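Asks: Build the 3D model from these lines:
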Amino acid sequence: MIKGHAKRVPEDKLIVDDKPLWYLPHHAVFNPNKPGKTSVFNCAAKFIGMSLNDQLLSGPDLTNSIVGMLTRFYQERVALAADVEAMFHQVRVSPDDYDVFRFLWWPNNYLDQEPVDYRMEVHLFGTTSSPACSNFALRKVAEDNIGEFD
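Replies: Numbers count the residues shown, from 1 in each chain. The predicted structure follows:
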């Protein structure tokens, strides 16, 4: 699919019995100012009283606090702030976990056809674990490259 965030599940991987499997409900959201950004996955949707988010750990809160950011503005002459576009989609999920991010997609949006299994390969907005995973990845990249970009 677009940008490689989701891929069709290979025929030989449709049946899973050695690891967790979850199908995410989704719906389309259309915004003329954001063409191509149309699917919203509901990781909190419950099936038989359980959701994907119920099964995930949130991890530590690695997000910078607003107080901490404002305090650091006084430490140096120049301050820099940034927003990473689609941050969660910049961080890939471990291949062992792809199958908990499955969803059904109807080819060419024809609901009279059989749906096809797809799975996300990146973290999703609304998933309990995404903020910690994405912030960890961002900090790790900064740490790994501190010698090149101080």
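
Asks: And stretch 66-81, what's buried?
Replies: For stretch 66-81, a neighbour-count test (16 or more other C-beta atoms under 10 Å) marks nothing as buried. No exception for glycine: its C-beta is placed from N, CA and C like everyone else's.

Asks: All further residue positions should be reported with the first residue as 802.
Replies: With 802 as the first residue, the last one maps to stretch 867-882.

Asks: Return the distance of that stretch from the chain's centre.
Replies: 28 Å (C-alpha atoms, centre = their mean, to the nearest Å).

Asks: Can you name every helix or strand that the helix or strand harbouring residue 934 contacts?
Replies: Using DSSP states H and E, residue 934 sits within helix 931-945. Contact partners of helix 931-945 among helices and strands, from 3 or more C-beta pairs under 8 Å, 6 or more residues apart in numbering; DSSP states H and E: none.

Asks: What lies in contact with it?
Replies: 859-864, 885, 888-889, 891-892, 924-925, 950 (C-beta atoms under 8 Å, 6 or more residues apart in numbering).

Asks: Let me have these in JSON lines, extended by secondary structure.
Replies: Listed next are the contacts of helix 931-945 as JSON lines, based on DSSP: H, G, I helix; E, B strand; the rest coil:
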{"residue": "859", "secondary structure": "coil"}
{"residue": "860", "secondary structure": "coil"}
{"residue": "861", "secondary structure": "coil"}
{"residue": "862", "secondary structure": "coil"}
{"residue": "863", "secondary structure": "coil"}
{"residue": "864", "secondary structure": "coil"}
{"residue": "885", "secondary structure": "coil"}
{"residue": "888", "secondary structure": "helix"}
{"residue": "889", "secondary structure": "helix"}
{"residue": "891", "secondary structure": "helix"}
{"residue": "892", "secondary structure": "coil"}
{"residue": "924", "secondary structure": "coil"}
{"residue": "925", "secondary structure": "coil"}
{"residue": "950", "secondary structure": "coil"}
